[in-house]
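> pasting the structure only:
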């Protein structure tokens, strides 16, 4: 990495962190007076759009999306590949309003966490996978009834580029029990914004949104079949964009079961 690029990335992080602090501080005092949908747009969607723009402008990470026509008119459960931080920004800007599964500890961060808590996230304790699944089932169903998209990273954690973790059935179970489809999403963001380190590589992220997948029936067997189908689609899409080479790896959440 050149010295100039390292300096550029350093200032990118400074601007990203500063904007986050200022925006979340401002939001903390404004959002109590807004409706939930307006609150989401003000706190999350607008800032995430800025973050995606800043990433493109300062570090040269752009993106292309295929399959926007596959997004259904009404909210459902999103099952997305997880490789970096970028897709969290992008998906939060694209889907509105969106409730995502996140680590409970993030809500304790001053101002940032307090602002996030007002957006009805599903804040789980990752050290207790069984309780986390029950919480996802209960709160996820409540969010869907409120008209929110529910974002689930079924691998349970960010995976290195070229790998895919086994899918937890929590997202598929939530969709089946709510009689809604899952929307599978694949991408190669990890090539340019890696899981480890602070370095960034310029390039164009490919995002592929698949057609909504409906369960064939109800109950555990239908959940397992839908989950396997979503996993197969995401795996193939990752291969198609040259971002999957290894055999599936179990995520920490899966290993804990």
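Received the coordinates, thanks. This one's a predicted model, so the numbers in the text were calculated from it and none came from an experiment.

> alpha carbons only for contacts and neighbour counts from here, please
Noted.

> Next, the spatially most central residue of the chain: secondary structure please.
Centroid-nearest residue in the chain: residue 88, 4.2 Å away (criterion: Cα atoms, centre = their mean). Three-state call for residue 88 (DSSP: H, G, I helix; E, B strand; the rest coil): helix.

> per-residue confidence at residue 129?
As predicted, residue 129 sits at a pLDDT of 83.

> again, but for residue 251
We have a pLDDT of 43 for residue 251.

> And the one 5 residues further on, by the same measure?
In the prediction, the pLDDT value recorded for residue 256 is 38.

> next one: residue 7
So residue 7 comes in at 89 (pLDDT).

> If we go by neighbour counts, what in stretch 80-96 is buried?
In terms of neighbour count (16 or more other Cα atoms under 10 Å), stretch 80-96 has its buried residues at 80-84, 86-93, 95-96.

> cool, stretch 32-52 as well?
With burial defined by 16+ other Cα under 10 Å, the residues of stretch 32-52 counted as buried are 36, 39-45, 47-52.

> got the phi/psi numbers for the closest residue in space to residue 178 that isn't next to it in sequence?
Spatially, and ignoring its direct neighbours in sequence, residue 178 is nearest to residue 141 (6.6 Å; Cα to Cα, 6 or more residues apart in numbering). The phi and psi values for residue 141, taken as degrees, to the nearest 10, are phi -60, psi -40.

> Count the residues that sit near residue 141.
Residue 141 has 18 neighbours, counted by other Cα atoms under 10 Å.

> Go ahead and confirm it touches residue 173.
No - contact criterion Cα atoms under 8 Å: residue 141 and residue 173 do not qualify, at 10.3 Å.

> on that earlier part again, of all the buried residues of stretch 80-96, which two lie farthest apart?
With Cα to Cα as the measure, no two of the buried residues of stretch 80-96 lie farther apart than 83 and 96, at 21.7 Å.

> Could I get the full set of helices for the stretch 51-200 of the chain?
With helices called from DSSP state H, counting those that start in this stretch, the stretch 51-200 of the chain shows them at 86-94, 112-117, 129-145, 170-177.

> Which one, of those helices, ends up nearest to residue 218?
The closest of these to residue 218 is helix 170-177. By Cα to Cα, the value is 6.5 Å.

> And that closest one, what does it pack against?
Packing partners of helix 170-177 (3 or more Cα pairs under 8 Å, 6 or more residues apart in numbering; DSSP states H and E): strand 77-80, helix 129-145, strand 182-187, helix 219-240.

> Make CSV out of these and add distance to residue 209.
Listed next are those as CSV, based on distance: least, Cα to Cα, whole Å:
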stretch, distance to residue 209
strand 77-80, 9
helix 129-145, 20
strand 182-187, 5
helix 219-240, 9
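
> Give me the below-cutoff pLDDT ranges for the stretch 1-150 of the chain.
Counting by pLDDT under 70, the stretch 1-150 of the chain contains low-confidence residues at 1, 111-112.

> hmm, back to that, TSV for the helices of the stretch 51-200 of the chain, including distance to residue 243?
Below are these laid out as TSV (distance: least, Cα to Cα, whole Å):
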stretch	distance to residue 243
helix 86-94	15
helix 112-117	31
helix 129-145	28
helix 170-177	23
